[in-house]
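**Q** the following comprises the amino acid sequence and a computationally predicted model.
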Amino acid sequence: MEGVFCKVAFKAINQNGSSETISGELTDENETEIASIETFHAGMGVFTFIPMLGKRYYLKCRNGNGLEKLFELPKADPRVYALTTLQRNKMLMVGVRKSESSPNIPLYLLAHNRGMVFYFAAWDNTDESVSFPEESLPAGVLQFILFDEQMNPLSERLVFSKNYDSGKVDFQTGKALYEKREKVIATLNLSPSPSERAGVRSHFSVAITDDSDIAVDSTTTILSSLLLSSELKGYIENPAWYLQDTAESVTALDCLMMTHGWRRYNIPEVVKGNAEYPTTPFQENQEISGKVKTLAVSKPVANSEIIITVKDGDFGLTSSDENGTFILKDFEYPDSTSYFIQALSKSGSSSVELFLDGEIFPELIHAPQSPVKEIPVIQNELEPSTFIEKAEQRAKYDEDIRVIQLSEVEVTALRIDRNKEEPRLQFWGNLNSDVTIRRDEFEKRAPRLVSEMLQTIPGVRVSPNGVINIRRSKDPPLVIINGMPFAWPDVMQSPYQSPLETVSVHDVESIDVFKGADAAAFGVRGANGVISITTRRGIDVLREVEKYRESQALNYTVYTPLGYQKPVEFYSPKYETLEAKHLSIPDFRTTIFWKPDIVISEDTGEVSFEFYTSDFPTTYSVVIEGLTTNGRIIRQVEKIKVE
């Protein structure tokens, strides 16, 4: 800006994208030094000068290695406006600077925070500035924009407001010191006063980690993520540092506001009424769409009946329009759910061809990677760190990282190429059994009866009279042979013959045992587990069916689109019995407990959770972060000691 006092912020970064410490001089075209410059924090700095019309200005910069570079500054413009800000005596003052050649035109000042406008008015040229009490400003990044009469932006300035309410919760445990594998009951109390917690709910995340393994991240917190780094452009080193109440952090924070532009909202277009809308609408529910055509000439089939069946018995019906297209929506199933989809003509004929539309996903945009700095690790060889000590203990007991030195082994057998194996055929679809016994295992063990092979499976019990129970169930499991269910006879029946013994061990191709959640897919009869036997003759039948399907059936298919993800709970062991407490398997967890969805209701004002300590005497860090419905942001770190 010509002839006007200017404040210029800069940021120096190296070729790796990391901040660089530099120093140098501001010079004119005659190499006359005007001001000295140097970085203040994280490669950022600021300098001031008054540019003159027609002159060129340069920054001569040097890094710590003596490398010197010259940068030319933009030319001074005689017809521009610039916003200025000043925070003093708990007031924020916003002013407008202009050069003598700037035209006297109507101006408008707009201020918003995360898209919410909190100030908009015509600029009074008789006033030097507009003042805002800091206590009235919203928390976070504030954007001030100066517009002309046609709502064209002339200048902008970012300011950070620390007017946020950071609350605190009362964290309590039953004891001050805990033993190994001992239960810990922790309580979070937001406010003991019923009047203060009335109408206020709180949502928290609690993470408990071992201080011997993991240091609590103090560079990024819920405060810095919500209020600072998520609102700025580019990589910010140690964003939580800027939220301290120190003179250095305040100065660096203002440099950060001037060097990291904010482009989340296109405010100039928004104020003109030109709002942008997403090209890909958000997904409200699942949908399956496609088209039905004739086999001969591939013409659209109108009024075709579309039947969609889910493995648990649910089904849906729809029909194609005059163009042969159809769509089924307003349903939701978890991920990995398979749908059997069949199309029939208006008369019920299967001589039609079914085409399904592929899933549509938003275009993937790769975010720029943050630079990774190599941090030197300095350790005293005579005094190994606690982390090394704990890692050595893990190496002795943990099966995942146990090291056993073996003597040389020479392998003479031919390598089996699993990729060339024929895909396995199954009568029960794509369900995953808990245990599978294949033909080669029968040949190794040479059992007399099928039940002898089942006795080798953990959780399967075979009684002397031949009745099988899975996972201590009182009733026998469902037995399926080549896709057909078989009933168990009366135990008192003579002679008693288990349905398993109707199959010769020499004819068995594979046995699949369902003990877990997938057994529920077989209905009520699978509640006590499922034993599915496939014989060699059954495999031949399946092969013939597959051949027929590939050559004949074009009117149906099995479709497995993406569905919603089932919630998964963080695993934390429980030592509720003496047997579990004295289990020989060591417990050297690094993350002791994690729960991201702890809710404190407005009725009680508190919530409790429990976990068990591990086998290492140490100190735990309890990181508590969350939000309340009245806008308070909570972040605190507590400690738990284990002897």
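**A** Great, that's in hand.

**Q** wasn't residue 557 part of a strand?
**A** Yes - with DSSP: H, G, I helix; E, B strand; the rest coil as the criterion, residue 557 is part of a strand.

**Q** flag the shaky bits of the protein, pLDDT-wise.
**A** 1, 191-199, 263-264, 311-313, 362, 365-404, 414-430, 490-496, 541-553 (pLDDT under 70).

**Q** how does it divide up, domain by domain?
**A** 286-356, 431-539 (automatic domain parsing).

**Q** what ranges does this protein have for its helices?
**A** Secondary structure of the chain (DSSP state H): helices located at 194-197, 222-227, 247-259, 267-271, 386-397, 439-445, 450-454, 536-552, 578-581.

**Q** show me what contacts the residue lying closest to residue 272 once chain neighbours are set aside?
**A** Residue nearest to residue 272 in three dimensions, not counting chain neighbours: residue 151, with 5.1 Å by C-beta to C-beta, 6 or more residues apart in numbering. Any C-beta I mention is one placed from the backbone N, CA and C, and that applies to glycine too. Taking C-beta atoms under 8 Å, 6 or more residues apart in numbering, we find residue 151 in contact with 108, 268, 271, 272.

**Q** state the distance from residue 151 to residue 268.
**A** From residue 151 over to residue 268 the distance is 7 Å, taken as C-beta to C-beta, to the nearest Å.

**Q** hmm, back to that, name the nearest of the contacts of residue 151 relative to residue 33.
**A** residue 268 (38.3 Å; C-beta to C-beta).

**Q** does the closest one touch residue 153 like I think?
**A** Yes - using C-beta atoms under 8 Å, residue 268 is in contact with residue 153, at 4.7 Å.

**Q** need the overlap of contacts for the two.
**A** 145, 147.

**Q** in a markdown table, list the domains of the chain along with mean neighbour count.
**A** Below are the domains of the chain laid out as a markdown table (neighbours: other C-beta atoms under 10 Å):
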| stretch | mean neighbour count |
| --- | --- |
| domain 286-356 | 15 |
| domain 431-539 | 16 |
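
**Q** how about the ones you listed, which one is nearest residue 216?
**A** Closest of the domains of the chain to residue 216 is domain 286-356, at 33.5 Å (criterion: C-beta to C-beta).

**Q** measure that closest one end to end?
**A** End-to-end distance of domain 286-356 (C-alpha to C-alpha, to the nearest Å): 14 Å.

**Q** again with stretch 96-115
**A** End-to-end for stretch 96-115, by C-alpha to C-alpha: 23 Å.

**Q** report the buried residues of that stretch.
**A** Buried residues in stretch 96-115, counted by 16 or more other C-beta atoms under 10 Å: 96-99, 102, 107-114.

**Q** that older thread, out of the contacts of residue 151, which is nearest to residue 60?
**A** Nearest to residue 60, judged by C-beta to C-beta, of those is residue 268 at 35.4 Å.

**Q** separation between the closest one and residue 617?
**A** 61 Å.

**Q** same check on residue 508?
**A** Relative to residue 617, and taking C-beta to C-beta, residue 508 is found at 53 Å.

**Q** same check, this time on residue 286
**A** As for residue 286, its distance to residue 617 is 50 Å (criterion: C-beta to C-beta).

**Q** same question, residue 458
**A** The value you get for residue 458 to residue 617, if C-beta to C-beta is used, is 34 Å.

**Q** one more: residue 149?
**A** As judged by C-beta to C-beta, residue 149 and residue 617 stand 72 Å apart.

**Q** more crowded one of those two?
**A** In this view residue 149 and residue 617 are compared by other C-beta atoms under 10 Å, and residue 617 has more residues nearby, 14 against 10.

**Q** from residue 590, how far off is the more buried one?
**A** In terms of C-beta to C-beta, residue 617 sits 15 Å off from residue 590.

**Q** spit out the contact partners of residue 62.
**A** Applying C-beta under 8 Å, 6+ apart, the residues near residue 62 are 22, 23, 24, 68.

**Q** closest one of those to residue 450?
**A** residue 22 (78.4 Å).

**Q** what residues are bridge-paired with that closest one?
**A** residue 63 (DSSP bridges).

**Q** and the residue nearest to residue 265 when sequence neighbours are not counted, what are its phi and psi?
**A** Nearest residue to residue 265 in three dimensions, chain neighbours excluded: residue 115, at 5.6 Å (C-beta to C-beta, 6+ apart). Main-chain torsions, residue 115, degrees, to the nearest 10: phi 90, psi -10.

**Q** surely residue 115 and residue 271 touch.
**A** No - applying C-beta under 8 Å as the test, residue 115 and residue 271 come out as separate, 11.9 Å apart.

**Q** from residue 143, how far out is residue 261?
**A** Distance from residue 261 to residue 143, by C-beta to C-beta: 10 Å.

**Q** what is in contact with these two at once?
**A** Residues within reach of residue 261 and of residue 143 at once, by C-beta under 8 Å, 6+ apart, are residue 158.

**Q** looking at the two, which one has more neighbours?
**A** Ranked by neighbour count (other C-beta under 10 Å), residue 261 and residue 143 place residue 143 first, with 21 against 12.

**Q** hmm, the more buried one is touching residue 270, no?
**A** No - under the criterion of C-beta under 8 Å, residue 143 makes no contact with residue 270, lying 11.9 Å away.

**Q** how about the residue nearest to residue 580 when sequence neighbours are not counted, phi and psi?
**A** If you skip the residues right next to it in sequence, residue 580 has residue 574 as its closest partner in space, 7.1 Å away by C-beta to C-beta, 6+ apart. Note on residue 574: backbone dihedrals following degrees, to the nearest 10 are phi -120, psi 130.

**Q** near residue 574, how many other residues are there?
**A** Residue 574 has 12 nearby residues by other C-beta under 10 Å.
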